[in-house]
Structure formats: structure tokens, C-alpha cells
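**Student:** test case, fold it:
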Amino acid sequence: MSKPKVVVGMSGGVDSSVAAWLLKEQGYDVIGVTMQIWQDEETDVQEENGGCCGLSAVDDARRVAWELGIPYYVMNFKEEFKRQVMDYFVEEYRKGRTPNPCIACNRYVKWESLLKRSLDIGADFIATGHYARVEKLDNGRYALKTSVTARKDQTYALYNLTQDQLAHTLMPVGAYEKDEIRRMAKDQNLPVAHKPDSQEICFIPDQDYAGFIEKTTGEKAEEGNFVDLQGNVLGRHRGIIHYTVGQRKGLNLSMGYPVFVVEIRPDTNEVVIGKGEDVFSDTLRCSGVNWMAVDGLHGREMRVKAKIRYSHPGAECVIRQIGPDVVECKFDQPQRAITPGQAVVFYKDSYVVGGGTIL
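**Tutor:** Take a look at the predicted model:
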């Protein structure tokens, strides 16, 4: 009987490297693959950007694969990454929303595209180094369970995976603490054992989102008015792509008290300014809902814990369906900076119930 074959997405980091080693130890036929997604062909630019996109990632992943004795390939996903992640990122910001490109990358590139190619070459599964766990529940559905390492848990960025994708996914790292993963890498003499974790958005390493958007589109953001909640003009802003809900820094408004971005109105090119308490709300609505642990609400309300951004600790709330593809979430306590374009992810008993895009 042949071993089950798994394609491991290797970013050149310690987590995906240990994932490959763990799966080999568990008896899988492991193939290492790095996804080439960076758009610029200039070597110095790729080296500078590093992360999971640059040439250094390929070099590190290849060295790990050689150490593990597994075949290794680089697959070109540049077209898919540009269309599904970079173009989406730019368009969302221009519409006054704040997108999460990692969620789009996970759903449409790391899973949809990689899984298809992997199945085409005879693989049974794909695997990554994400801190999450995949389980099949008693109701027959596949769901993500939060990682053993709570502070590294990455289920929020994976809520959009489909049932078919989860059925073909392995995430061995989610069962371990981060320091255990580092120790395994060191014990196996993996050359990335001490490599630091990547943090920033890989295609904007300098974090200048507005500059990236202007360069990509060839258009300078149109200036507009800062207004208060009553519509009074307070000053001029540099273009809506420079702002996000909850932002305080960089407003350059002298009001005599701290002010924050409360809302962005792309139709009128206005940025609404308010006080700290104006940034809190106890209700949100989301669309584009992907159900995971359940197949929908079917007219019933459900009490869950919801995360409204990656770093959010989660808050108790009740969710209910209010439209064909719209879910309303009512929090027990008001939450700060509920931001259109970001994801809201629902949890119950450590499992991802589902999630959607905040309206």
C-alpha cells in the first residue's frame, strides 16, 4: 500500500519546515513546494522583501528539503497572487475599506490554486505551517480548531477555507507550542531553526500602503474633507487610502482633544472624525459568509465569540441571519473600531463556526 502523498507549502520559515519534518515522521510521502508569488524579477528587490515571497525563502526552503531528503519544487503563482490578492487589496482601499490580504491569499492562492495543482500531480493532501488544527466534527463537517499556542493562533486568517479544502488539508504545527517547534527544528539541524517570524504584509514591506496603491494605479489619491459627525468641515485629508477606522495618528487636526477616524465615505470622499467614544459600537453586519463548523443558522440565533481583527481577543455576542447573505452580530459590550473590509470570525468551543467580511 502506497503512502499518502502530501504537498507541503514551504515558505522558508521554521513553522512550515517543521511541518514537513513532522509529516515525514508520520509516514507521509512528502513533497516540498514554495509558491513564487512576488511580482518583481529584480533579484535585489526580491531579496529585500524576503518573507514568504523573496528568493531567500526559496533558498531556505530548498536547504530544508535537502536536509529532510524530500523532493522540492518552486511553483509559479504570480498571476493568481496579483489578481486575487494585490488587485483586491488596492480596490478595497480605494472603496474606503480596510482589507486583509492574507485571508485572500490563503483562500484563493495557498489553498485553491496550490490544492488544484497538488491534486493534479497525484497528491492526497496539502499542508502548511499554520498554527491551527483541522478536525472532522460529529455532524460530518470539517472545521478549524484553535492552535495549542493561543498567542500564535492563525484560525482567524483561515476562516474562509471551504469544506473540500479542509478535507484535503493537514496542519501538524497546530498541535504544538511555538517553543516546541523551534526545539524540533534545532534538534533536526534544520537551517532555519532560529529564523525570525515574518510579520508584515509581504508585498508592502515598508508598510506604506497608500504609496503602494498610488504606485500600482499610477494615480495620486484625491484630497477631500475631514468632517465631524454633524457634517461640519474640519479640514482637508490626503485621500481616503491613507486612513482606516479607529486611526488617530497622522490626522494633523488641532481640536484640543484626541480625535479618531470614525467612518470613511468613498462616495463623497469624506473622512468622518469623532471622539474616542464614537469609535465604539455593539453591532456589526457582515456578508460573504463562509460557514465551517455548521452549515448555516437556519433561522436560529447563536451565541458565539467573535474576533473583528487578527489581534482582537474575541468578544461574546449573538449572531443571526438578517438577509440572504447578511449576518448581524450583536455584542454584549461595545467593541472598538469595527472596520469595514476586515473579517469577523465566529468561534464556539474553540472551533471556527464561520465568518464574513464586515460591511
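**Student:** skipping adjacent residues, who's closest to Cys286 in space?
**Tutor:** Leaving aside its sequence neighbours, Cys286 sits nearest to Gly356 (Cβ to Cβ, 6 or more residues apart in numbering; 3.4 Å). Glycine gets a C-beta too; all of them are placed from N, C-alpha and C.
**Student:** so that neighbour sits in a helix?
**Tutor:** No - counting by DSSP: H, G, I helix; E, B strand; the rest coil, Gly356 is not part of a helix but strand.
**Student:** tell me the pLDDT at it?
**Tutor:** As predicted, Gly356 sits at a pLDDT of 98.
**Student:** quick check: bridge partners of it?
**Tutor:** With DSSP bridges as the criterion, Gly356 is bridged to Val344.
**Student:** I'd say it and Trp291 touch.
**Tutor:** No - applying Cβ atoms under 8 Å, one finds Gly356 not in contact with Trp291, separated by 9.5 Å.
**Student:** out of the two, which sits in the more crowded spot?
**Tutor:** The residue with more neighbours, out of Gly356 and Trp291, is Gly356; 24 against 19, by other Cβ atoms under 10 Å.
**Student:** contacting residues around that one?
**Tutor:** Contact partners of Gly356, counting by Cβ atoms under 8 Å, 6 or more residues apart in numbering, are Cys286, Ser287, Gly288, Val289, Asn290, Val327, Ala343, Val344.
**Student:** neighbour-wise, which of those leads?
**Tutor:** In terms of neighbour count, Val344 stands highest of the contacts of Gly356 at 28 neighbours, by other Cβ under 10 Å.
**Student:** so who does Ile240 touch?
**Tutor:** Counting by Cβ under 8 Å, 6+ apart, Ile240 touches Tyr93, Arg94, Gly96, Ala221, Gly224, Ile264, Pro266, Asn269, Val271.
**Student:** ah, wrong one, I meant Leu68
**Tutor:** Ala20, Trp21, Lys24, Val30, Gly32, Gln188, Leu190.
**Student:** burial measure for the last one, as a count.
**Tutor:** The number of residues packed near Leu190 is 22, by other Cβ under 10 Å.
**Student:** tell me the pLDDT of it.
**Tutor:** 94.
**Student:** how close does it sit to Gly32?
**Tutor:** Using Cβ to Cβ, to the nearest Å, one gets 12 Å for the distance from Leu190 to Gly32.
**Student:** before we move on, what about the first one?
**Tutor:** Taking Cβ to Cβ as the measure, Ala20 falls 6 Å from Gly32.
**Student:** give the residues shared as contacts by these two.
**Tutor:** Val8, Met10, Val64, Ala65, Leu68, Ile70.
**Student:** ok, the second one touching Val64?
**Tutor:** Yes - with the criterion set as Cβ under 8 Å, Met10 and Val64 qualify as a contacting pair; they are 6.7 Å apart.
**Student:** so between the two, which is more surrounded?
**Tutor:** Per other Cβ under 10 Å, whichever of Met10 and Val64 has more neighbours is Met10, with 34 against 28.
**Student:** ignoring the adjacent residues along the chain, who's closest to the more buried one?
**Tutor:** In space, Met10 is closest to Ala61, 3.9 Å off (Cβ to Cβ, 6+ apart).
**Student:** Glu92 too?
**Tutor:** Spatial nearest neighbour of Glu92, excluding adjacent residues (Cβ to Cβ, 6+ apart): Pro99 at 3.7 Å.
**Student:** cool, Tyr176 as well?
**Tutor:** Val148 (6.0 Å).
**Student:** kindly confirm my reading that the one you found is in a helix.
**Tutor:** No - read with three-state DSSP, Val148 is coil and lies in no helix.
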